[in-house]
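> Sequence plus predicted model, see below.
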Amino acid sequence: MGRTSTRELARGDRVSGMATSQAEVVHQGVVYDLEVGTMRRESLMCARAIVAHVA
């Protein structure tokens, strides 16, 4: 069981995989000005990319 699933189940009011399925649904059809990969890049690098985009 993954970390997210464990956390969901520990909350007591979540079904395993709920967060993943909701994340996929809420982003469908949405176009963002900028996307940063927080799972692949350090937070400082993501912040720098955001600053560069808005500056």
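Thanks, I have the structure now. Being a predicted model, the structure only gives us computed values, none of them experimental.

> and residue 42, how far is that from residue 50?
Distance from residue 42 to residue 50, counting by CB to CB, to the nearest Å: 13 Å. Placement of C-beta: from N, CA and C, glycine included.

> These two: who's more crowded?
Taking other CB atoms under 10 Å, residue 42 and residue 50 do not tie; residue 50 has more neighbours (13 against 9).

> how about that one, phi and psi?
With angles defined as degrees, to the nearest 10, residue 50 sits at phi -70, psi -50.

> The residue lying closest to residue 37 once chain neighbours are set aside sits in which helix or strand?
Nearest residue to residue 37, sequence neighbours excluded (CB to CB, 6 or more residues apart in numbering): residue 46, at 7.6 Å. Here residue 46, judged by DSSP states H and E, is contained in helix 43-54.

> before we move on, what about residue 20?
Per DSSP H and E: helix 18-26 holds residue 20.

> Residue 40: what secondary structure?
When states are read from DSSP: H, G, I helix; E, B strand; the rest coil, the local structure at residue 40 comes out as coil.

> separation between it and residue 18?
The span separating residue 40 from residue 18 equals 24 Å under the rule CB to CB.

> Those two: which has the busier surroundings?
The residue with more neighbours, out of residue 40 and residue 18, is residue 18; 15 against 8, by other CB under 10 Å.

> State whether the more buried one and residue 9 are indeed in contact, as I suppose.
No. Counting by CB atoms under 8 Å, no contact exists between residue 18 and residue 9, whose distance comes to 9.8 Å.
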